[in-house]
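Asker: Give the three-dimensional model of this entry:
(chains A and B)
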Number of protein chains: 2
Amino acid sequence: MPLLVVGSVAIDNVQTPSDRRDGLLGGSATHFSYAASFFTPVQLVSVVGGDWPPEHTELLRRRGIDVSGIQVVPGGKSFRWTGRYERNMNDRETLDIELDVFGRFEPSISPEFRRAKYAFLANAAPVTQLKALDQVPGCRLAVADTMELWIQTTHADLMTLFQRIDGLVINDSEAKMLADTENLVLAGHRVRAMGPKFVVIKKGEHGAMFFSEHETYVMPAFPTENVIDPTGAGDSFGGGMMGYLAQQDNFDPESLKTAMAYGILVASFNVEGFGLERMQTISREDIEDRMEAYRKMLSF
Amino acid sequence: MPLLVVGSVAIDNVQTPSDRRDGLLGGSATHFSYAASFFTPVQLVSVVGGDWPPEHTELLRRRGIDVSGIQVVPGGKSFRWTGRYERNMNDRETLDIELDVFGRFEPSISPEFRRAKYAFLANAAPVTQLKALDQVPGCRLAVADTMELWIQTTHADLMTLFQRIDGLVINDSEAKMLADTENLVLAGHRVRAMGPKFVVIKKGEHGAMFFSEHETYVMPAFPTENVIDPTGAGDSFGGGMMGYLAQQDNFDPESLKTAMAYGILVASFNVEGFGLERMQTISREDIEDRMEAYRKMLSF
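Answerer: Modelled structure (predicted):
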């Protein structure tokens, strides 16, 4: 099944304690699309300016991602983000952010993409996410991400979105903020009570938690000592998860759990290089090899 | 198989954001012993002052713990700790600490206890741990805990200890400090290279990691929203782990992994009440019920 993703593609400048890269292909929808492309056909809806390097689009196209939904605003500037990671490779500081064309993003979804049964609304203003959702009325599984900015500035819009999505994927700090508790288990239950049928809390190096009406569980991250750049780890988690569900065309509890595992494993590759560097070196077989090790790790 | 533990029993005063308890039965060896007692006979070696409440010893005795190794220093004062937890229930501040008799602790192990094949050296000065270890030459599995104080002040002694123990159980922050890295996977490998045959890194609400020559794995914590008092969680983890190994009289890789799971589950009960309050309400059957849920959680 094709998987629709609506969100940002961007140009990232990333600094880590030991290295840096400028002009990387980044953005939530980029990392999501690339990760999902190992599992299912991906339809990407986004916006860029006239300054967008065509090789970035080409890289996504070569992965088989349908990039026809990337609108180009000729006089506009593409979304740029510059960030620096702390020594713990978890905390990061945004040094510069220029939303530009993405700040005025009005998703316009083509008739073909509107038939999507699986959709992911990557991090964007809730009103933008709702506008995208309005265009895919036949969607069977709509999952969204959000961030602290929207929790703080557009809370009412977010609550409207929560009533309409099937799943929400958020960071641990965002879940704590939304639920006003430091206990992640309690936070997961409380956020689910706000509307989504299921909630996934991403814990970075500590894995992810799942909350639905009948299930609560935690899955650890795949241990890697080779953390080069965590940018996009959460988005690639979402991509692996949604990609697997779309491929299976199934989101029963068992499929959701396996999808969580795929999300975790794809994210573990994503962090092993700057931007998409490591992801470009792997195949589905590498993901399956890691899945075998992961299953072994969790059985006793 | 009997399990020997050498370490502190203490009187704890604990403050959390919503409640407090004074005069709790605490101490590393206490939480360890109580947790281990669900699995195997426990022999406890410790020291208290003349002020020690006899009902504390009685509580341990009623669990079947052999308390004959608790030395009483009539004129001395028992180890007392007062601490306050932050809102996140993870960070804590020590408001007051009085080591007293435990600061001068010279473990003297009885002829019967010296035959121990399984021993745990709870958190204490490395020289004290070494003195205990000298008295159990026939021990087949010696595992130790340590803390930041000893890493910073008695590093050479700690390295001597590491050459002589089979396993080390430490917190994530301690592992990072010892290994001088923020990456826990790298930290685990580096600490193991300092001597112990295996290293367990405790991550609190995020579970625990295991490192041996041939294996690296992570196991998540059992999700509980009912975190009342985390004091002793790490020690009860150690108790559950070592208790199971001593019960099995086996520490092959498979037993070690199952033991890790038991440690995690016993710790998940320990945090659900102040001091030993919750632990006093459970049975081995409750642990097995949680084990069944945990195995289910990790299978997909």
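Asker: and chain A, which of its residues are near chain B?
Answerer: Within chain A, the positions near chain B by CB under 8 Å from any CB of the partner chain are A:87-90, A:182-186, A:189, A:203, A:205-207, A:209, A:216-221, A:223-225, A:227, A:254, A:257-258, A:260-261, A:295, A:297-300. All C-beta atoms are positioned from the backbone trio N, CA, C, and that covers glycine.
Asker: are any of the residues you listed buried, and which?
Answerer: A:89, A:182-186, A:189, A:203, A:205-207, A:209, A:216-221, A:223-224, A:227, A:257-258, A:260-261, A:297-298, A:300 (16 or more other CB atoms under 10 Å in any protein chain shown).
Asker: wait, what's in contact with A:Asp289?
Answerer: Applying CB atoms under 8 Å, 6 or more residues apart in numbering or on different chains to A:Asp289 gives no contacts.
Asker: quick one: which helix or strand includes it?
Answerer: helix A:284-297 (DSSP states H and E).
Asker: A:Val143 now?
Answerer: Going by DSSP H and E, A:Val143 is part of strand A:141-145.
Asker: same question, A:Ser110
Answerer: Here A:Ser110 is assigned to no helix or strand, by DSSP H and E.
Asker: Give me the nearest residue to it, chain neighbours excluded.
Answerer: A:Gly69 (6.3 Å; CB to CB, 6 or more residues apart in numbering or on different chains).
Asker: same thing with A:Ala10?
Answerer: Among residues not flanking A:Ala10 along the chain, A:Gly27 sits closest, at 3.6 Å (CB to CB, 6+ apart).
Asker: again with A:Leu158
Answerer: Closest to A:Leu158 by CB to CB, 6+ apart is A:Pro126, at 4.7 Å.
Asker: go on, A:Asp12?
Answerer: Using CB to CB, 6+ apart and skipping the chain neighbours, the partner closest in space to A:Asp12 is A:Gly26 (3.2 Å).
Asker: On the strand side of things, show who the one you found bridges to.
Answerer: A:Ala10 (DSSP bridges).
Asker: and it, what is it in contact with?
Answerer: Going by CB under 8 Å, 6+ apart, A:Gly26 touches A:9-12, A:14, A:81, A:231-232, A:275.
Asker: Separate out the buried members of those.
Answerer: Looks like those have A:9-12, A:14, A:81, A:231-232, A:275 buried, using 16+ other CB under 10 Å.
Asker: So of the residues you listed, which two are at opposite extremes in space?
Answerer: The largest separation in the buried ones among the contacts of A:Gly26, counting by CB to CB, is between A:Val9 and A:Val14 at 15.5 Å.
Asker: quick one, helices of the stretch 151-300 of chain A?
Answerer: A:155-164, A:172-179, A:184-192, A:233-248, A:253-270, A:284-297 (DSSP state H, counting those that start in this stretch).
Asker: Tabulate these in CSV, adding columns for mean pLDDT.
Answerer: Converted to CSV, the helices of the stretch 151-300 of chain A look like this (pLDDT from 0 to 100):
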stretch, mean pLDDT
helix A:155-164, 98
helix A:172-179, 97
helix A:184-192, 97
helix A:233-248, 98
helix A:253-270, 98
helix A:284-297, 98
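Asker: so which of the ones you listed is the most packed in?
Answerer: Scoring those by mean neighbour count under mean count of other CB atoms under 10 Å in any protein chain shown gives helix A:233-248 as the most buried, with a mean of 28.
Asker: Measure how that one sits relative to helix A:253-270, angle-wise.
Answerer: 140 degrees (axes from the mean of the first three to the mean of the last three CA atoms, to 10 degrees).
Asker: what are the C-alpha coordinates of helix A:233-248, in CSV please?
Answerer: Output of helix A:233-248 as CSV, limited to C-alpha atoms (Å, rounded to 0.1, in the frame of the first residue of the first chain):
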residue,chain,number,x,y,z
ALA,A,233,16.0,9.5,14.4
GLY,A,234,12.5,10.0,15.6
ASP,A,235,11.3,10.6,12.0
SER,A,236,13.0,7.5,10.7
PHE,A,237,11.4,5.6,13.6
GLY,A,238,8.0,6.8,12.3
GLY,A,239,9.0,5.9,8.8
GLY,A,240,10.0,2.4,9.7
MET,A,241,6.9,1.9,11.7
MET,A,242,4.4,3.3,9.2
GLY,A,243,6.2,1.8,6.3
TYR,A,244,5.9,-1.7,7.7
LEU,A,245,2.2,-1.1,8.5
ALA,A,246,1.4,0.1,5.0
GLN,A,247,3.4,-2.8,3.5
GLN,A,248,1.3,-5.2,5.6
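Asker: Which elements pack onto that helix?
Answerer: Here helix A:233-248 touches strand A:3-6, helix A:28-36, strand A:118-121, strand A:141-145, strand A:167-171, strand A:198-202, helix A:253-270, going by 3 or more CB pairs under 8 Å, 6 or more residues apart in numbering or on different chains; DSSP states H and E.
Asker: Can you name the residues in contact with the first one?
Answerer: Taking contacts as CB under 8 Å, 6+ apart, the residues outside strand A:3-6 that touch it are A:29, A:32-33, A:36, A:40-46, A:107, A:109, A:113, A:116, A:118-122, A:124, A:128-129, A:132, A:136, A:139, A:239, A:242-243, A:246.
Asker: Excluding chain neighbours, give the residue nearest to the residue nearest in space to the middle of chain A in space.
Answerer: For chain A, A:Asp235 is the residue whose C-alpha lies nearest the centre (CA atoms, centre = their mean; 2.4 Å). Nearest residue to A:Asp235, sequence neighbours excluded (CB to CB, 6+ apart): A:His31, at 3.7 Å.
Asker: What is the neighbour count of that neighbour?
Answerer: 32 (other CB atoms under 10 Å in any protein chain shown).
Asker: so it sits right up against A:Ser236, yeah?
Answerer: Yes - at 4.7 Å, A:His31 and A:Ser236 qualify as touching, with contact defined as CB atoms under 8 Å.
Asker: which neighbours do these two share?
Answerer: Common neighbours of A:His31 and A:Ser236, using CB under 8 Å, 6+ apart, are A:Asn270.
Asker: residues touching the nearest residue to A:Asp180 once chain neighbours are set aside, list them.
Answerer: Nearest residue to A:Asp180, sequence neighbours excluded (CB to CB, 6+ apart): A:Arg190, at 7.9 Å. A:Arg190 sits next to A:178-181 when contact means CB under 8 Å, 6+ apart.
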